[in-house]
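here is my input; please provide its structure:
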Amino acid sequence: MKYFSLYIKGMFMGAADLVPGVSGGTIALITGIYQELIESINGISWSLIKNLPKKGIKETWKKANGSFLLSVFGGILTSILLLSRLLEWLFENEPISLWSFFFGLLIASIFYLIKRYLTLSPLNIVLLLLGGALSFWSTQLTGVQNDTSLPYLFLCGFIAISAMILPGLSGAYLLVILGVYQFILSQVRQLQETILNFDFEQFSALATVLGVFILGIIVGIKLFSKFLSWLLYRYPQKTIAILIGLMGGALHKVWPWQNSETVNGLEKTFAVLPQYFNGQSTELGKAFLFALIGFVLLFLLENRKGISKT
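Got it, this is the predicted structure:
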């Protein structure tokens with residue numbers, strides 16, 4: 001049951017990572033697995049692999065916290081493969097309901113995490129505000145022209161995963177900014193179709209592109225998790241304050257009512273009050289209902305054995 005629960009949390013993380021403006025790191029933080037996730041990733045090293053023949057598979061697997069990582073990343077991968085089409089449909093057909101759900105979830109998360117894990121000292125308040133400012137600034141960046149060369153895709157994977165494991169910084173949104181979000185999604189969809197109707201030449205091309213992107217992810221998550229693990233060990237309160245601030249600074253990107261404008265040839269959205277929304281309907285009733293569902297869901301997801309109170 002424990003590993004099934006971790007698998008479900010991984011699925012929520014994967015779903016969040018697919019949404020521009022939401023971070024899988026946020027889900028990991030509010031479900032109580034964030035610190036263990038960072039430390040487990042950081043614990044995988046070349047020395048661990050090198051000692052495999054000497055220590056044996058069972059001991060190496062245990063030291064690597066393999067069951068934990070397999071459950072979480074299995075859930076993430078399942079979400080990416082199965083939910084990408086569903087989320088695409090929701091973006092197109094039920095955007096206000098979807099964003100209201102995430103907004104309610106994030107609002108509840110911020111209050112919950114501050115109350116449970118943070119002492120509101122003057123320094124921690126400053127760090128909260130700095131985290132919020134950094135997150136807000138990252139969402140104001142404008143996009144670049146599309147580039148799908150392999151070195152650039154490696155860099156995109158490296159940058160995106162570094163953001164995805166930080167609450168409040170959306171890796172998917174950074175991929176939008178970097179100009180490859182739609183391209184990567186389309187490559188994943190094409191790979192699914194190629195596997196069903198196998199075409200070796202097309203499969204090879206898709207596997208090369210996604211393989212380089214995934215390599216960037218692997219390098220990025222390893223290097224960045226080491227840094228985060230060190231911060232959480234040395235400065236737990238200060239690090240948590242910044243992480244919560246990052247979540248707060250991203251709230252405007254998941255606000256249900258967004259108008260759009262074109263900047264440098266790319267569409268950019270900004271939050272508005274319902275009465276100034278340019279869409280067909282504000283759907284206030286549905287927005288309130290799904291925000292409430294997201295708010296309540298936090299208390300079903302949270303794990304009191306997660307981040308230790310410091």
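
and the strands in the chain?
258-263, 266-271 (DSSP state E).

so how far is residue 121 from the residue of the chain most remote from its centre?
For the chain, the largest distance from the centre (CA atoms, centre = their mean) belongs to residue 54, which lies 36.4 Å off. Residue 54 sits 47 Å away from residue 121, taking CB to CB, to the nearest Å as the criterion. The way it works is simple: take the backbone N, C-alpha and C, and place the C-beta from them, glycine included.

quick one: contacts for residue 190?
Residues in contact with residue 190 (CB atoms under 8 Å, 6 or more residues apart in numbering) are 202, 206.

before we move on, what about the one 4 residues further on?
Residue 194 is in contact with 202, 203, 206, counting by CB under 8 Å, 6+ apart.

want to throw the residues you listed into TSV with pLDDT and neighbour count?
Below are those laid out as TSV (pLDDT from 0 to 100; neighbours: other CB atoms under 10 Å):
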residue	pLDDT	neighbour count
202	84	14
203	85	14
206	87	21
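
can you lay out those as a markdown table showing distance to residue 154?
Formatted as a markdown table, these follow (distance: CB to CB, whole Å):
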| residue | distance to residue 154 |
| --- | --- |
| 202 | 21 |
| 203 | 20 |
| 206 | 16 |
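
closest to residue 9 out of those residues?
residue 206 (29.0 Å; CB to CB).

wait, the closest one sits on residue 187?
Yes: between residue 206 and residue 187 there is a contact under CB atoms under 8 Å: 5.7 Å.

state the pLDDT value of the residue farthest from the centre of the chain.
Per-residue pLDDT puts residue 54 at 83.

hang on, the earlier thing: can you redo the strands of the chain as JSON lines with mean neighbour count, mean pLDDT and distance to residue 288?
Listed next are the strands of the chain as JSON lines, based on neighbours: other CB atoms under 10 Å; pLDDT from 0 to 100; distance: least, CB to CB, whole Å:
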{"stretch": "strand 258-263", "mean neighbour count": "12", "mean pLDDT": "77", "distance to residue 288": "17"}
{"stretch": "strand 266-271", "mean neighbour count": "15", "mean pLDDT": "73", "distance to residue 288": "17"}
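
distance to residue 160 added to those strands, as CSV?
Compiled in CSV, those are given as follows (distance: least, CB to CB, whole Å):
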stretch, distance to residue 160
strand 258-263, 21
strand 266-271, 18
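
between those, which one is nearest to residue 30?
When the strands of the chain are compared by CB to CB, strand 266-271 sits nearest residue 30, at 21.9 Å.

chain center to the top helix by length along the chain: distance?
When the chain is parsed with DSSP state H, its longest helix is helix 200-234. When distances are taken as CA atoms, centre = their mean, to the nearest Å, helix 200-234 is centred 14 Å away from the chain's centroid.

which elements pack onto it?
Judged by 3 or more CB pairs under 8 Å, 6 or more residues apart in numbering; DSSP states H and E, helix 200-234 is in contact with helix 34-43, helix 150-164, helix 181-196, helix 236-249.

least confident of the ones you listed, on average?
Sorting these by mean pLDDT places helix 181-196 lowest, at a mean of 80.
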